[in-house]
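> Sequence below, structure please.
(chains A and B)
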2 protein chains.
Amino acid sequence: MAGDRILLSHGEGGKRTRDLIRKTIARRFDNPVLAPLFDAGLLGRVDGEIAFTTDAYVVTPPVFPGGDIGMLAVCGTINDLAVCGARPVAISCSLILEEGLPLDLFETVLDSIKAAAAEGDTFVACGDTKVVEKGKGDGIFVVTSGVGIVRGGWRPRPANIRPGDRVLLTGTMGDHQVAVIVARQNLALDAPVVSDVAPLSGMLLAALDRFGDQVRFMRDPTRGGVGVALNEMAESSKARILLEETLLPVRPAVRGFCEILGFDPLFLANEGKALLIVDGAAAEGIARLLREHPHGSGTTIIGEVTEGAHGVFLRTAVGGLRAVDYPVGDQLPRIC
Amino acid sequence: MAGDRILLSHGEGGKRTRDLIRKTIARRFDNPVLAPLFDAGLLGRVDGEIAFTTDAYVVTPPVFPGGDIGMLAVCGTINDLAVCGARPVAISCSLILEEGLPLDLFETVLDSIKAAAAEGDTFVACGDTKVVEKGKGDGIFVVTSGVGIVRGGWRPRPANIRPGDRVLLTGTMGDHQVAVIVARQNLALDAPVVSDVAPLSGMLLAALDRFGDQVRFMRDPTRGGVGVALNEMAESSKARILLEETLLPVRPAVRGFCEILGFDPLFLANEGKALLIVDGAAAEGIARLLREHPHGSGTTIIGEVTEGAHGVFLRTAVGGLRAVDYPVGDQLPRIC
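Prediction:
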């Protein structure tokens, strides 16, 4: 009801807790696994290799252009499974609410969780809700975990990366982080920037179905952006990755924002993008397939794997070469 | 290092984040699933029905007599799986840290997580760490999820509960909640009360192995205590549960504490206890088996299922009968 707020008694385990769980939460996520409200959701037998992931979401503000913390959490979990080659089977959802949270904001987030799970072809199998005193939290934190089944034997194989492989990125960089910063600071941009938050499992699993091990390794470049994700990929594969600055896709509004505020789009978070390192011969075909999907329409080849010591390097627009290293505490926190 | 604290930059995704994850967290949990630091932990094939659970832990203070928030989280997750008849396979661990958290407290909690997982015969397969600004959190919140395999076809079957079944409790009530309240308020008790936090999977799964469907339904009476857990059990089974007040196990120190402060031990949280509703004929045998386990040495039969409308009732020491209903916002928050 408008004006209603979360109270400490919603978290005490008594009648209010039970009513909140039954009437506001469980009824919304009604499904045969959650409905009995057992201590665990019983998923039945699953045939295949299991993938398991978790992420905590503390984004501020909890609602931003293009999404909210609930959608972000579910998409993030689906994407972490997808880049490991796994189809999401079920999602868990733990909520830490600050006393005073408006109930209608809470319900908005719950609706987003349900909608994002449905878009990712999965569902919420179990959950928990805790309430902390005003000043001991920040509105709402959402922690999701996911169980998935790995697609027919595929797995990330960083060791298979070799010179000649190509680096694909499924769209523009930095949209999510800029959207959140703009919302947090109440900035006005000429062109609005909307978060790219989206579940990528359908698109990425289709690529694995068609191209199998020609896709060597995938990662969703969230916190830390493309720059950090590629450094981690280079490190675990001992590969040297060379990016072409002129090929890096950045929206004009994001580029303008970065130029004014001194951010590097390479290190801005994305929540609906994937990086793929793929076989060089298959790269164009994989890019075409990804572009057929609405979440991958902006897919481009942004670089390649070359001979040499591992690391990430950028060939600049003017032909120079610079190392792309981990940033040292320069980015903004709480964008996811 | 003593004196070191968690900084916002530990959560920004750059070099400090990477160092914290690699040097402080991943190295501690070193195992073949977590080690590659993929976006998901790859658990391999599992044979059987999958159970999936999650819980958020916000206990204050984070360290209390008998345990800490890390041990609490892992044991809680293991126990939620165990009461659904599932052996824990893997645990996930998401951490929300408040800026300024002493690093040595953080490491203490991590050590507890590792130790509790080992005691429950499982391990941490994936994790995430976020940092929020000072005043937007409360030291440390821990959210664990668990994947388990259900023991040979057993599942909670509330519909099978019938008059003549017995209610078992594996030990004294309220130890956890009293230990936390005493620690929070810096109270001095004549006899110290220590949290009962413990992983129960070994004990409960042994009972299922031997007694199978003679165990109808199990629950760990955490937040809301034995009173709320039994009400939920009565509701989902449409059973009438009659407790004998004289049979309810309560430590003298807990009883004294409750009498002074007006708490009812029936509604105090436990973190290392299970309630079992079992076949009447098998009850003594199951109790004997549970008593053989260190975490079940105090197991007693506390009541039975009778004919009549569903609900929970208590035969008092003087022979009266009173309904045990859900408490209405009277308990204390943040005890788990």
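> Grab the nearest non-local neighbour of the closest residue to chain B within the stretch 201-336 of chain A.
Per CB to the nearest CB, A:G224 is where the stretch 201-336 of chain A lies closest to chain B, at 3.1 Å. Where C-beta positions appear, they are placed from N, C-alpha and C, glycine not excepted. Using CB to CB, 6 or more residues apart in numbering or on different chains and skipping residues adjacent in sequence, the residue nearest A:G224 is B:G13, 3.1 Å away.
> residue contacts, the one you found?
A:T222, A:R223, A:G224, A:G225, A:V228, A:F267, A:A269, A:P327, A:Q331 (CB atoms under 8 Å, 6 or more residues apart in numbering or on different chains).
> ok, now with 6 Å
A:R223, A:G224, A:V228 (CB atoms under 6 Å, 6 or more residues apart in numbering or on different chains).
> now A:I78
Taking CB under 6 Å, 6+ apart, one finds A:P88, A:G120, A:P199, A:S201 in contact with A:I78.
> Tabulate these (JSON lines), appending neighbour count.
Formatted as JSON lines, the contacts of A:I78 follow (neighbours: other CB atoms under 10 Å in any protein chain shown):
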{"residue": "A:P88", "neighbour count": "26"}
{"residue": "A:G120", "neighbour count": "24"}
{"residue": "A:P199", "neighbour count": "27"}
{"residue": "A:S201", "neighbour count": "25"}
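> sorry, back to before: could you look up the SS state of the residue nearest to A:G224?
coil (DSSP: H, G, I helix; E, B strand; the rest coil).
> still on that earlier bit, got a PyMOL select line for the buried ones in the contacts of B:G13?
Here is the PyMOL selection string for the buried members of the contacts of B:G13, based on 16 or more other CB atoms under 10 Å in any protein chain shown:
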select buried, chain A and resi 223+224+228
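> Of the contacts of B:G13, which is the nearest to B:A51?
B:A51 lies nearest to A:R223 out of the contacts of B:G13, by CB to CB, at 30.3 Å.
> Just say helix, strand or coil for the closest one.
coil.
> Give me the helices and strands touching the lengthiest strand in chain A, please.
Longest strand of chain A, by residue count under DSSP state E: strand A:86-98. Applying 3 or more CB pairs under 6 Å, 6 or more residues apart in numbering or on different chains; DSSP states H and E, we find strand A:86-98 packed against helix A:69-82, strand A:124-132, strand A:140-150, strand B:49-57, strand B:140-150.
> close to chain A, is the fourth one?
Yep, that's strand B:49-57 we're talking about. Yes - residues of strand B:49-57 contacting chain A under CB under 6 Å from any CB of the partner chain: B:E49, B:I50, B:A51, B:F52, B:T53, B:T54, B:D55, B:A56.
> Now render the contacts of A:I78 as a markdown table, adding secondary structure.
Output for the contacts of A:I78, formatted as a markdown table (three-state DSSP):
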| residue | secondary structure |
| --- | --- |
| A:P88 | strand |
| A:G120 | coil |
| A:P199 | coil |
| A:S201 | helix |
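> Including pLDDT, could these go into a markdown table?
Output for the contacts of A:I78, formatted as a markdown table (pLDDT from 0 to 100):
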| residue | pLDDT |
| --- | --- |
| A:P88 | 97 |
| A:G120 | 95 |
| A:P199 | 98 |
| A:S201 | 97 |
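> Which one of those residues is nearest to chain B?
Nearest to chain B among the contacts of A:I78, with distances taken as CB to the nearest CB, is A:P88, at 10.1 Å.
> Distance-wise, check the closest one relative to B:I301.
Using CB to CB, to the nearest Å, one gets 43 Å for the distance from A:P88 to B:I301.
> and if you look at A:G319?
Distance from A:G319 to B:I301, by CB to CB: 82 Å.
> more neighbours, those two?
Set A:G319 next to B:I301 and count neighbours by other CB atoms under 10 Å in any protein chain shown: B:I301 wins out with 18 against 7.
> and the more buried one, which of the three is it?
strand.
> For it, give its distance to chain A.
Using CB to the nearest CB, to the nearest Å, B:I301 is found at 22 Å from chain A.
> I'd assumed B:R166 was in contact with that residue.
Yes - contact status for B:I301 versus B:R166: in contact at 5.1 Å, counting by CB atoms under 6 Å.
> Next, show the common contact partners of the two.
B:A283.
> pLDDT at whatever residue of the stretch 1-150 of chain A ends up closest to chain B, what is it?
In the stretch 1-150 of chain A, the residue found nearest to chain B is A:G13; the distance is 3.1 Å by CB to the nearest CB. Note for A:G13: predicted pLDDT of 84.
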